[in-house]
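Visitor: Okay, structure incoming, though there's no sequence with it:
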């Protein structure tokens with residue numbers, strides 16, 4: 001039997017205790033003659049009891065508030081039905097000998113498993129080689145990456161826990177799935193990442209190594225990455241140093257082996273600024289450098305004959321393809337195979353080659369302002385038949401198979417990502433029977449690509465997902481996301497969970513801002529260091545465009561971003577507090593004057609700049625969200641989300657920004673800080689945590705914008 005609660009008891013159940021107030025302990029720093037106050041420096045120390053108590057109190061307040069939002073249970077059920085649907089999907093395909101490997105996700109398992117597939121047209125579900133949930137019943141152990149041996153008989157796997165991205169490498173026998181009881185510690189981290197390349201004979205591998213024990217002071221143990229060689233069956237203490245002692249403190253190394261010749265390629269990035277140096281190792285152990293950080297050779301990969309195929313931006317900001325003879329290794333005499341294009345940009349994914357060289361073809365990924373395409377060329381650079389592709393799509397994971405054939409992944413805003421096989425001889429593109437159908441479809445959604453005009457007149461792409469039945473009357477709830485940094489291109493991506501928002505009447509938009517790589521080097525450089533303000537101007541212009549075109553209004557507008565995109569959210573809400581009704585910001589950066597002091601923050605200096613440089617300090621201080629919060633301003637409602645184990649952005653960034661906004665705002669909306677103790681920057685997050693977090697975000701958005709509830 002059900003009965004009504006007394007009114008007083010009903011009201012009490014809706015009440016949420018106020019968040020703990022952060023005490024102010026002012027500290028003043030002086031940079032280049034400018035005094036800068038910081039009231040919440042004390043919140044930087046996560047180990048301090050007062051910080052933990054405040055953070056726990058904030059987390060409880062946020063979760064209590066979110067738990068009481070109308071419709072949360074139904075939203076959670078819908079999100080779980082979508083993200084937790086019992087369907088099989090694959091990612092990260094790799095081919096070794098005749099063995100095809102992949103990571104397979106099968107909800108309700110918390111983490112993807114490593115599986116072995118048939119390399120034929122119909123691979124089937126395959127055999128599980130490593131299931132992280134069998135190792136860790138809590139579901140917080142994740143595969144960072146894996147590399148099979150050349151003969152496909154062994155596989156090296158980096159495993160990390162709770163979103164830390166701090167991975168040790170384990171080696172497994174492919175036939176039996178048994179571990180060889182080899183553990184190589186500290187190969188992977190959230191600062192410089194990690195890499196591994198097998199020797200051609202499969203008896204050992206080259207791997208990235210961080211300082212161990214007392215080799216470096218504690219403050220330096222997430223830096224000074226070097227390349228070592230490990231021979232199977234020997235203690236790791238006897239591993240052979242190969243490369244890295246003379247590299248910068250913030251070097252990031254990736255390595256690849258050319259199996260037929262035994263040559264090793266090592267590409268080194270100087271922090272996260274997009275400058276690269278390249279080295280090769282001959283079988284006799286000699287290392288030679290063929291490009292420095294200032295030479296603008298941004299990527300290199302092996303050609304089938306052991307020469308190097310290189311993406312160069314030297315005199316070609318949109319990228320050209322060179323072939324460098326291995327014997328001379330003279331980049332200045334390299335042959336231009338594919339010259340710079342006029343309307344496309346050679347894509348640059350750090351650590352993931354975007355040029356696939358087969359026996360007689362080059363397959364090259366190109367950016368087109370957000371969408372990407374793969375083009376084909378013969379060995380002389382003449383255009384050749386390319387795979388059929390979707391319009392306004394995303395193409396990646398180029399995997400050469402037999403002869404000149406290619407397997408690749410492709411999807412769009414409205415088409416789920418699937419794998420396709422291109423038969424070069426027959427010029428045919430066919431779907432590979434791998435991924436199960438999505439539990440939702442976007443047949444009722446149209447994608448419109450428009451351009452906003454930024455403050456300086458620059459045209460900024462805005463990709464708009466609009467329900468076909470939606471009217472342009474300014475009344476639609478709208479969610480807009482963007483990134484704008486590190487030369488990363490925000491490509492079309494099918495997000496099935498967005499079905500919940502679309503059903504609630506949302507219009508969803510993705511903006512391609514400067515700072516990304518959508519239009520090449522110039523586009524990236526126009527949004528970094530002292531020109532970073534352009535990114536924020538671009539985003540504001542995109543939001544105004546959506547309002548002016550009657551897709552939405554400020555009262556119906558929400559924005560969401562993460563990491564560098566979290567910085568974007570912070571800058572937008574402090575520079576234009578009335579432009580959006582609410583903000584969702586994940587693992588963001590807000591105190592731009594202190595970020596470089598955290599381990600991964602040092603890697604960001606080539607992108608953001610440093611307070612040690614007067615001009616860069618001036619730019620950083622001018623837009624730093626934390627330092628531009630003004631007392632008495634009506635700020636929008638904000639939901640901050642962070643992971644306690646984040647190795648890339650220190651959670652103190654979210655703590656300090658939350659405290660400052662809560663003290664300053666005159667707005668009526670809540671300022672919430674939700675912390676996950678079992679995750680980090682996003683990589684390796686367990687499925688159940690993703691479902692809980694996504695549900696909370698959607699409930700917050702629907703409530704704040706007054707959208708239709710489930």
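Guide: Received it, and whenever you're ready, just let me know what you need. These numbers come from a predicted model, not from an experiment. Numbers count the residues shown, from 1 in each chain.
Visitor: Leaving out sequence neighbours, find the closest residue to residue 248.
Guide: Distance criterion CB to CB, 6 or more residues apart in numbering; nearest residue to residue 248, sequence neighbours excluded, is residue 270 at 5.4 Å. C-betas here are computed from N, CA, C, even on glycine.
Visitor: what about residue 341, is that helix, strand or coil?
Guide: Put simply, residue 341 is coil when judged by DSSP: H, G, I helix; E, B strand; the rest coil.
Visitor: Tell me the spacing between the residue nearest to residue 248 and residue 547.
Guide: Counting by CB to CB, to the nearest Å, the gap from residue 270 to residue 547 is 41 Å.
Visitor: more crowded one of the two?
Guide: Legend: neighbour count by other CB atoms under 10 Å for residue 270 and residue 547, higher for residue 270 (21 against 18).
Visitor: how near is that one to residue 665?
Guide: Using CB to CB, residue 270 is found at 40 Å from residue 665.
Visitor: now swap in residue 238 and tell me
Guide: 59 Å.
Visitor: Go ahead and confirm the residue nearest to residue 248 touches residue 293.
Guide: Yes - Residue 270 lies in contact with residue 293 (CB atoms under 8 Å); the separation is 5.0 Å.
Visitor: Common neighbours of the two, please.
Guide: Residues touching both residue 270 and residue 293 (CB atoms under 8 Å, 6 or more residues apart in numbering) are 276, 277.
Visitor: In contact with residue 492: list those residues for me.
Guide: Counting by CB under 8 Å, 6+ apart, residue 492 touches 370, 371, 392, 393, 394, 411, 412, 413, 447, 463, 510.
Visitor: That should have said residue 666, apologies.
Guide: Residues near residue 666 by CB under 8 Å, 6+ apart: 632, 633, 634, 635.
Visitor: Could you measure from it over to residue 540?
Guide: Relative to residue 540, residue 666 is positioned 21 Å away (CB to CB).
Visitor: ok, now residue 220?
Guide: Distance, residue 220 to residue 540, using CB to CB: 40 Å.
Visitor: more neighbours, those two?
Guide: Taking neighbours as other CB under 10 Å, residue 220 and residue 540 compare with residue 540 leading, 20 against 13.
Visitor: quick one, phi/psi of the more buried one?
Guide: Backbone geometry at residue 540, expressed as degrees, to the nearest 10, gives phi -60, psi -40.
Visitor: ok, and the closest non-adjacent residue to it?
Guide: Computed as CB to CB, 6+ apart, the closest residue to residue 540 that is not its neighbour in sequence is residue 576, at 5.4 Å.
Visitor: The one you found: how many residues sit nearby?
Guide: Burial measure for residue 576: 16 neighbouring residues, criterion other CB under 10 Å.
Visitor: same deal with the one 3 residues further on?
Guide: Neighbourhood size, residue 579 [other CB under 10 Å]: 17.
Visitor: tell me the contacts of it?
Guide: Contact analysis of residue 579 by CB under 8 Å, 6+ apart lists 540, 543, 544, 554, 557, 572.
Visitor: Pick out whichever of those sits closest to residue 452.
Guide: Distance to residue 452, by CB to CB, is smallest for residue 544 among those, at 7.1 Å.
Visitor: residue boundaries of the helices in the stretch 351-500 of the chain?
Guide: Under the criterion DSSP state H, counting those that start in this stretch, helices of the stretch 351-500 of the chain are mapped to 498-503.
Visitor: According to the record, where do the domains of the protein fall?
Guide: Per automatic domain parsing, the structural domains of the chain span 16-82+440-705, 351-437.
Visitor: Mean pLDDT and distance to residue 163 added to the ones you listed, as a markdown table?
Guide: A markdown table is the format used below for the domains of the chain (pLDDT from 0 to 100; distance: least, CB to CB, whole Å):
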| stretch | mean pLDDT | distance to residue 163 |
| --- | --- | --- |
| domain 16-82+440-705 | 97 | 3 |
| domain 351-437 | 95 | 19 |
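Visitor: so which of those domains gets nearest residue 100?
Guide: Comparing the domains of the chain by CB to CB, domain 351-437 comes nearest, at 8.9 Å.
Visitor: any idea how far the closest one is from the chain center?
Guide: 21 Å (CA atoms, centre = their mean, to the nearest Å).
Visitor: before we move on, what about stretch 643-652?
Guide: Distance of stretch 643-652 from the chain centroid (CA atoms, centre = their mean) equals 15 Å.
Visitor: now the end-to-end length of that stretch.
Guide: Start and end residues of stretch 643-652 are separated by 10 Å (CA to CA, to the nearest Å).
Visitor: Pull the residues that contact that stretch.
Guide: With contact meaning CB under 8 Å, 6+ apart, stretch 643-652 is reached by 43-46, 55, 162-166, 189-191, 222, 563, 566, 587-589, 595, 598-601, 642, 675-682, 685.
Visitor: Correct me if wrong: residue 297 contacts residue 314.
Guide: Yes - with contact defined as CB under 8 Å, residue 297 reaches residue 314; the gap is 7.2 Å.
Visitor: Now stretch 309-321: buried residues?
Guide: For stretch 309-321, the neighbour count (16 or more other CB atoms under 10 Å) marks 309, 310, 311, 312, 313, 314, 316, 317, 318, 319, 320, 321 as buried.
Visitor: Out of these, list just those in strands.
Guide: 309, 310, 311, 312, 320, 321 (DSSP state E).
Visitor: Tell me who's in contact with residue 636.
Guide: 573, 577, 578, 580, 581, 582, 583, 667, 669.
Visitor: Same list (these) but as a markdown table, adding neighbour count, distance to residue 265 and secondary structure.
Guide: Formatted as a markdown table, these follow (neighbours: other CB atoms under 10 Å; distance: CB to CB, whole Å; DSSP: H, G, I helix; E, B strand; the rest coil):
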| residue | neighbour count | distance to residue 265 | secondary structure |
| --- | --- | --- | --- |
| 573 | 26 | 44 | helix |
| 577 | 18 | 49 | coil |
| 578 | 13 | 52 | coil |
| 580 | 29 | 45 | coil |
| 581 | 23 | 50 | coil |
| 582 | 22 | 47 | strand |
| 583 | 28 | 43 | strand |
| 667 | 18 | 53 | coil |
| 669 | 16 | 52 | coil |
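Visitor: want to throw those residues into a markdown table with distance to residue 182?
Guide: A markdown table is the format used below for the contacts of residue 636 (distance: CB to CB, whole Å):
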| residue | distance to residue 182 |
| --- | --- |
| 573 | 49 |
| 577 | 55 |
| 578 | 58 |
| 580 | 51 |
| 581 | 54 |
| 582 | 50 |
| 583 | 47 |
| 667 | 56 |
| 669 | 53 |
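Visitor: Name the nearest of these relative to residue 61.
Guide: Set against residue 61, the nearest of the contacts of residue 636 by CB to CB is residue 669 (14.2 Å).
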